[in-house]
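In: sequence plus the predicted model coming up.
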2 protein chains.
Amino acid sequence: MIDTDRASRPGGRTARVRADVLAAVQAELAEHGYDGLTIDAVAERSGVHRTTIYRRWKTVPGLLVDLLESGADDSWEPTDTGTLEGDLIAVNREVHAALTARPSITQAVIAASFRTPEAAEALTRFWKDRYARTALVVRRAVERGEIAADVDAHQLLLTATAPIYHQLVLLRQPMTRAQADYHARVAAKHFASVKGADLP
Amino acid sequence: MIDTDRASRPGGRTARVRADVLAAVQAELAEHGYDGLTIDAVAERSGVHRTTIYRRWKTVPGLLVDLLESGADDSWEPTDTGTLEGDLIAVNREVHAALTARPSITQAVIAASFRTPEAAEALTRFWKDRYARTALVVRRAVERGEIAADVDAHQLLLTATAPIYHQLVLLRQPMTRAQADYHARVAAKHFASVKGADLP
């Protein structure tokens, strides 16, 4: 179809409305935090009518999920540093930065995921996709002969990344970037020493 | 004081009211889940007047926090199996059981912690205490000469336990008990191979 409606063309009015609304969500989140985020404030700041926002995004968690997905760049893949340890450190620095950013969109979506099933499902979808893409780090390490071919990629990625999430999100305690790097090194060293799949 | 008021004596009316109310919270949680938990239903089931419940526990998260703390047996300490790996497997099985129980009080309190600051603070307090007690596992391993004396106990415990929380609570994906055991072994093996503190 050549004669597409202008409103739905990428870069058209719909895209501009989305960009304006999501920029307002991010700004409101920065100023007032998750608990202060309201559709009225987003409407006010973005200049988009609240009826439009309710129709398209429905709820505050709906807005946060779309903000998360808008940042989930389709072309994202893990940095290739040439070693498993380097690649995992790069992954862990991204996770650490996302969770300690002020405002942290990830932390806000996690909070939303405990309030609405839609946000929980969107977050699960987002992370499934991200962990699947990050498994490339493991495949590259297998190709370089750094680790055994039958290492369980997901358990390896959990060893590296889970301590950051647990400490910063659930335990609600500080974690330095050096500590985040440390867990990348624990995973790289341990799985390089494993001769074959040792998962039952 | 010898002439204490009967109502505040342990085992007296206050203790019985608490036991009845918390039993009702647990039963309501099992039947209706966190989102179906209401003070009215707890009052109805326990036979304790709702005014009493509001006065003492204030909110649904308040009830959950007290349920968590009532289960936090003061004498709890980690099982002594004689090896670091055995001890960590025992810890991980407790964590896995707590998160996969139906109903899971821990999962309900985690959900509550994203709704009220009181629940978040209570959960942080509870886990700080539990991780501090669990560090005994690491001290015993140091005494047996299994690991270096300057290993960071908390990072070791994060390596073992964090993957279970991350997978079951945040990623909302299944994890078998065998996989939980696996992460205990990863932590035990890695930290036994560390010659000294390698944390920057």
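Out: Thanks, I have it.

In: next, the contact list for A:Arg177, please.
Out: A:Arg177 makes contact with A:Arg93, A:His96 under the criterion C-beta atoms under 8 Å, 6 or more residues apart in numbering or on different chains. In this view, the C-beta of every residue, glycine as well, is placed from N, C-alpha and C.

In: check which helix or strand the closest residue to A:Thr116 other than its chain neighbours maps to.
Out: Spatially, and ignoring its direct neighbours in sequence, A:Thr116 is nearest to A:Pro61 (4.5 Å; C-beta to C-beta, 6 or more residues apart in numbering or on different chains). Secondary structure here is read from DSSP states H and E; on that basis A:Pro61 sits in helix A:60-71.

In: now the angle from whichever helix or strand comes after that helix to helix A:60-71?
Out: Moving toward the C-terminus from helix A:60-71, the next helix or strand (DSSP H and E) is helix A:84-100. Using axes from the mean of the first three to the mean of the last three C-alpha atoms, to 10 degrees, the direction of helix A:84-100 lies 150 degrees away from that of helix A:60-71.

In: which elements pack onto the helix or strand just after helix A:84-100?
Out: On the C-terminal side of helix A:84-100, the nearest following helix or strand under DSSP H and E is helix A:105-113. If contacts are counted by 3 or more C-beta pairs under 8 Å, 6 or more residues apart in numbering or on different chains; DSSP states H and E, helix A:105-113 sits against helix A:13-32, helix A:60-71, helix A:84-100, helix A:117-134.

In: buried set for helix A:105-113?
Out: For helix A:105-113, a neighbour-count test (16 or more other C-beta atoms under 10 Å in any protein chain shown) marks A:Ile105, A:Thr106, A:Gln107, A:Ala108, A:Val109, A:Ile110, A:Ala111, A:Ala112, A:Ser113 as buried.

In: ok, now how distant is the fifth one from chain B?
Out: Which is A:Val109. 11 Å (C-beta to the nearest C-beta, to the nearest Å).

In: residues contacting that residue?
Out: Taking C-beta under 8 Å, 6+ apart as the test, what A:Val109 contacts is A:Pro61, A:Leu64, A:Val65, A:Leu67, A:Leu68, A:Ala119, A:Ala122, A:Leu123, A:Phe126.

In: the residue nearest to A:Thr116 contacts A:Arg115, correct?
Out: Yes. Counting by C-beta atoms under 8 Å, A:Pro61 touches A:Arg115, with 6.2 Å between them.

In: and the most centrally placed residue in chain A, what is it in contact with?
Out: Nearest residue to the geometric centre of chain A (C-alpha atoms, centre = their mean): A:Thr106, 5.9 Å. A:Thr106 is in contact with A:Leu68, A:Ala98, A:Leu99, counting by C-beta under 8 Å, 6+ apart.

In: now render these as CSV, adding neighbour count.
Out: Putting these into CSV (neighbours: other C-beta atoms under 10 Å in any protein chain shown) gives the following:
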residue, neighbour count
A:Leu68, 21
A:Ala98, 15
A:Leu99, 18
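
In: hmm, which of the residues you listed is lowest in pLDDT?
Out: Least confident entry in the contacts of A:Thr106, by pLDDT: A:Leu68, with 85.

In: which non-adjacent residue is nearest A:Glu118?
Out: In space, A:Glu118 is closest to A:Pro61, 6.2 Å off (C-beta to C-beta, 6+ apart).

In: contact partners for that neighbour?
Out: With contacts taken as C-beta under 8 Å, 6+ apart, A:Pro61 has the following neighbours: A:Val109, A:Ala112, A:Ser113, A:Arg115, A:Thr116, A:Glu118, A:Ala119.

In: before we move on, the earlier item: of the contacts of A:Val109, which is the most crowded?
Out: Of all the contacts of A:Val109, A:Leu64 has the most neighbours under the rule other C-beta atoms under 10 Å in any protein chain shown, reaching 29 neighbours.

In: what residues does chain A put near chain B?
Out: Taking C-beta under 8 Å from any C-beta of the partner chain, the part of chain A that reaches chain B is made up of A:110-111, A:114-115, A:120, A:123-124, A:127-128, A:131, A:155, A:158-159, A:161-163, A:165-167, A:169-173, A:178-179, A:181-183, A:185-186, A:189-190, A:193, A:198-200.
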